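Peer 1: turn this into a model:
(one chain, ligands or ions: 1)
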Amino acid sequence: MILHIDMDAFFASIEQAINPRLRGKPLIVGSRKSRLHTVVCAASYEAKAYGIDSGMPTSEAFRLCPQAEFVAADQAKYIWTSEQIFQLLGNYGFPLIYSSIDEFQMDITGCQNSLELARIIQDEIRKSLNIGASIGVAKNYLLAKLASKINKPNGIAIISEENLEAVLAGLAVSKLCGIGLATETIMEALGIKTCLDLYQKPCQFLESHLGKNGVNFYLALHSQDRFDPNPKEETIKSVGHSYTLARASQNRGFIQGWIRLLSEMVGRRLREKSLGAKTVHLWLAGPEIEHFGQQVTYKEPTHDGFEIYLRAIKILKKSGPQIPKIRGLGISVKSLFPAEKYFLLKEDIKRRDLTEALDLINNKFGDWSIYPAVISLAKTRPKS
Ligand SMILES: [Mg+2]
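Peer 2: Predicted coordinates for the structure are as follows:
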C-alpha cells in the first residue's frame, strides 16, 4: 500500500503560516521582478476561489481579484520546509521517497489502519508547520496520487478494491499526469473518457493503439507497488526532482524559476550524500511536445544547485528561441562521483563554502527565525 502526501497550496500556505496578516486572504505568490507582469507561482485557497491558479499571468489574476495580496516567491524557504516535512515523515519508520517538492510517498505495507495513520500525519504537519496536507492511500503510486486530489484541501481518501471503479468512473482521463494532448485525442477516439474506461481496457489493446505509453498506463493503474526494502547507497546512479504544474506555461522566467528550484533540491541531495555529478538531464513535457529530454555531460562534476541550473538552462535553450508550453519538468543528474575527489577552483571553493554554510544553517537551526540570515546569504550568490 502506498500513502501519497500532497501539501495544499504549498508555497502560499507557507507564506500564510509565516505571516499571520496573510491568513484567510486571497494570496498570490509570484516572481520577485514585477507583480503585474509575471506569472502566478502559487495561489492560496482564498485566491483559488476567485479562479486564480498557478501558471496564470498575474495581470489576469489581479483583474479577477484586485484586492489579492502579493508575495515574491522565496525558494530557499520552500525547499527548507519541504525538507522539514521529509524528515518528519521519515520518523514514522516507513520507506519514504520525494515525489516532488510538495509531494511525498510512503510504502505503508503492513500498516493496520491507514486512515488513522493518515490523520496522525496530517495533524503532525499542521501542528509543527501550520500548513495543510491532503493524503491519498491506494495499492500503487498513481492511484494514491489520484486519491490525494479527491478531497483537497485537508482531505483524506482511500481507493480500495471496493470503491476503485466508482472513483475512477468519476475522474476524467486528463486528470492522469503525463497525458499529452495527442494521447488524449487518441484516447477520445478509442472511447476512453474516464480513468475507469482506461482501467478496463486490456493491456494488449492499449499497446496496439498507444504503444509503449499504453503499456505504461496499464501497469501504473494495475500494479501493486512496493518500495525496494533495502536500497543500497552505493547503487545510487542518479538523483532527480520533478514537478507537474497546475497548467501549462510558456513564460520563460516562470519555467526558469522552477528549473532553479529543482536544481537547488538536486544539489542539496548530492551534497548530503557527498557526491558530485557530471551529467545533467532536463526533461520537459507539454501538450504540444509530449516529452523532450536531453542531457549534457561536463568534465567537472558539480553538486552546486546554481551550477546544475546553468547547465540545465543550456539544454532549455536547445528547445528553440520560443519556449514550448510546459506542464511537467524534471532535473536529474548522473555520472556520480565522490565529492572530495575532484579539484576545486578558487571560485568554486568560495561558492562551496557558501552552500555548505547554507546547508549547515538549514540543518542545525531549522527555525523560521533564521530565515532573514539564510535569504541574505542566498542573495550573495550569482544572479540567475
Ligand atoms: Mg500540492
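
Peer 1: how near is the residue nearest the centre of the chain to Val215?
Peer 2: Centroid-nearest residue in the chain: Ser100, 2.8 Å away (criterion: Cα atoms, centre = their mean). Separation of Ser100 from Val215 (Cβ to Cβ, to the nearest Å): 24 Å. C-beta here means a position set from N, CA and C on the backbone, and glycine is covered the same way.

Peer 1: what does Met1 give?
Peer 2: 24 Å.

Peer 1: between these two, who's got more neighbours?
Peer 2: Neighbour totals were compared for Met1 and Val215, and Met1 leads with 20 against 14 (other Cβ atoms under 10 Å).

Peer 1: return the set of buried residues in stretch 150-169.
Peer 2: 150, 152, 155-159, 164, 167-168 (16 or more other Cβ atoms under 10 Å).

Peer 1: and the residue nearest to the centre of the chain, how far from Ala133?
Peer 2: To Ala133, Ser100 is 13 Å away according to Cβ to Cβ.

Peer 1: do the same with Glu188
Peer 2: Counting by Cβ to Cβ, the gap from Glu188 to Ala133 is 34 Å.

Peer 1: more neighbours, those two?
Peer 2: Neighbours were counted for Glu188 and for Ala133 using other Cβ under 10 Å; Ala133 has more, 29 against 12.

Peer 1: where in the stretch 251-384 of the chain is pLDDT low?
Peer 2: Scanning the stretch 251-384 of the chain for pLDDT under 70 picks out 340-384.

Peer 1: just the strands in it please.
Peer 2: In the stretch 251-384 of the chain, the segments counted as strands under DSSP state E, counting those that start in this stretch are 275-286, 290-302, 326-338.

Peer 1: contacting residues for Ser54?
Peer 2: For Ser54, the contact set (Cβ atoms under 8 Å, 6 or more residues apart in numbering) comprises 39-43, 245-247.

Peer 1: get me the contact residues on the stretch 201-350 of the chain for the ion.
Peer 2: Residues of the stretch 201-350 of the chain found near the ion (Cβ under 5 Å from the ion): none.

Peer 1: for the ion, what is the nearest residue in the stretch 201-350 of the chain?
Peer 2: Distances between the stretch 201-350 of the chain and the ion by Cβ to the ion are smallest at Ala246, namely 9.0 Å.

Peer 1: any idea which element that residue lies in?
Peer 2: Ala246 is located in strand 239-249, with elements delineated by DSSP states H and E.

Peer 1: wait, Tyr297 sits on Arg311?
Peer 2: Let me fix one detail, which is that residue 297 is Thr and not Tyr. No. Thr297 lies out of contact with Arg311 (Cβ atoms under 8 Å); the separation is 9.4 Å.

Peer 1: follow-up on the earlier one: give the bridge partners for the residue nearest to the centre of the chain, please.
Peer 2: Listed by DSSP bridges, the beta-bridge partners for Ser100 are Glu103.

Peer 1: residues in contact with it?
Peer 2: Neighbour list for Ser100: 241-244 [criterion: Cβ under 8 Å, 6+ apart].

Peer 1: now do Ala144
Peer 2: Contacts of Ala144 by Cβ under 8 Å, 6+ apart are 2-4, 105, 136-138, 159.

Peer 1: count of neighbours near Pro202?
Peer 2: Neighbour tally, Pro202, other Cβ under 10 Å: 9.

Peer 1: separation between Ala144 and Ile131?
Peer 2: 20 Å.

Peer 1: and if you look at Asn91?
Peer 2: Distance from Asn91 to Ile131, counting by Cβ to Cβ: 18 Å.

Peer 1: which one's more surrounded, those two?
Peer 2: The residue with more neighbours, out of Asn91 and Ile131, is Ile131; 20 against 9, by other Cβ under 10 Å.

Peer 1: how's the chain carved up into domains?
Peer 2: Using automatic domain parsing, the domain ranges for the chain come out as 1-157, 161-231, 233-342.

Peer 1: helix/strand/coil for the closest residue to Ser249 other than its chain neighbours?
Peer 2: Using Cβ to Cβ, 6 or more residues apart in numbering and skipping residues adjacent in sequence, the residue nearest Ser249 is Gly55, 4.5 Å away. With DSSP: H, G, I helix; E, B strand; the rest coil as the basis, Gly55 sits in coil.

Peer 1: hmm, Tyr50 is touching Cys65, no?
Peer 2: Yes. At 4.1 Å, Tyr50 and Cys65 qualify as touching, with contact defined as Cβ under 8 Å.

Peer 1: one step back: now render the contacts of Ser100 as CSV, adding neighbour count and pLDDT.
Peer 2: Formatted as CSV, those follow (neighbours: other Cβ atoms under 10 Å; pLDDT from 0 to 100):
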residue, neighbour count, pLDDT
His241, 24, 91
Ser242, 19, 90
Tyr243, 19, 89
Thr244, 15, 86
